[in-house]
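> With the sequence up front, the predicted model follows.
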Amino acid sequence: MSALEHGLWSGAALSAAMGALIAASLKQDPMIWSRSAPRDVQERVGPPSPETLRRKRGWGVVLVVILAAVFGHLAVTLVRASPGAFPAWDVAVASWVAFQVFNLFDAVVIDLGLVVFKPRWAFVPGTEQLPGLRDVRWHVLNFAKGFVGGFVFAGLVTGLAWLGFIASSGSR
C-alpha cells in the first residue's frame, strides 16, 4: 500500500473517531467548543464555566489519545514496511493526507452539517441563528488554516516517528 493509501485510510479512521468525539462532546456540553465558534457566538455565550473547562480538558485527553493512536499506528506501519532506512517522505505524506482527510471531513460534514441541520443538542441555546455560523468565509478560512497547519502537523508526526525509529534502532 502506498503512502497516499495509508493516509487516506488513516484519515478515514481519524474522521470517524473525531466525528464521534465531537458529536459526543457537543451532546454533553456545547460550550466545550464555544471558543472554536465564530466571534458572534463567542460574544453571545460568554466565557465557559469551570465545569465546562473541566469537561473540555477530559475530552482533550481523549482527543490526544485518538491522535496518538491513529498517527502512531500510521507511522509504525510505514516504518515496518520499509526495513532499514527511515521512510521520512512516506510518513510525512501519509500524515499530511490523513490530516487533510479529517480537515475536509470537519469542513464538509461537521461544520456544514451543523449549519444546515442545526441539531438542538449541538448548540448553546440562542446561538443557532447567529450569522457567523453561516459565514462561508469563516469556514473557508478555518479549512485553509487546517490545510497549512497540516504541514506542521505532518512534520511533527514525522519527527516523532524518526525519534522512535532512532531509539528502536539503538536497542537492536
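Everything's here; your move.
> and the strand or helix carrying Phe147, what does it pack onto?
Following DSSP states H and E, one finds Phe147 within helix 136-170. Packed against helix 136-170 by the contact rule (3 or more Cβ pairs under 8 Å, 6 or more residues apart in numbering; DSSP states H and E) you find helix 50-80, helix 88-105. Heads up, the C-betas are built off the backbone N, CA and C, glycines and all.
> For the closest residue to Ala107 other than its chain neighbours, give me its contacts.
Counting by Cβ to Cβ, 6 or more residues apart in numbering, Phe143 is the residue found nearest to Ala107 once chain neighbours are left out, at 4.4 Å. Residues counted as contacts of Phe143 (Cβ atoms under 8 Å, 6 or more residues apart in numbering) are Asn103, Leu104, Asp106, Ala107.
> roughly how far is the lowest-mean-pLDDT helix or strand in the chain from the heart of the chain?
Within the chain, judged by mean pLDDT, DSSP states H and E, the helix or strand with the poorest mean is helix 112-117; its value is a mean of 86. Distance, stretch centre to chain centre, for helix 112-117: 18 Å (Cα atoms, centre = their mean, to the nearest Å).
> picking up where we left off before, and the pLDDT at the residue nearest to Ala107?
Listed pLDDT for Phe143 reads 96.
> Please apply the same query to Ala16.
98.
> Tally up the residues packed near it, please.
By other Cβ atoms under 10 Å, the residues close to Ala16 number 14.
> cool, the one 4 residues further on as well?
Look at Ala20: counted by other Cβ under 10 Å, it has 12 neighbours.
> Over to Trp9?
What Trp9 shows, counting by other Cβ under 10 Å, is a neighbour count of 18.
> Secondary structure element holding it?
Applying DSSP H and E, one finds Trp9 within helix 3-28.
> From the contact counts, what lies against that helix?
helix 50-80, helix 88-105.
> in it, what counts as buried?
Going by neighbour count (16 or more other Cβ atoms under 10 Å), the buried part of helix 3-28 is 3, 6-11, 13-15, 17-19, 22, 25-26.
> going on from it, what's the next piece of helix or strand?
helix 39-45.
> and that following helix, C-alpha only, in CSV?
Extracted as CSV, the C-alpha positions of helix 39-45 are listed here (Å, rounded to 0.1, in the frame of the first residue of the first chain):
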residue,chain,number,x,y,z
ARG,A,39,-16.9,35.6,17.2
ASP,A,40,-20.6,36.5,17.4
VAL,A,41,-21.3,33.1,19.0
GLN,A,42,-18.4,33.6,21.5
GLU,A,43,-19.7,37.1,22.4
ARG,A,44,-23.3,35.7,22.9
VAL,A,45,-22.3,32.8,25.1
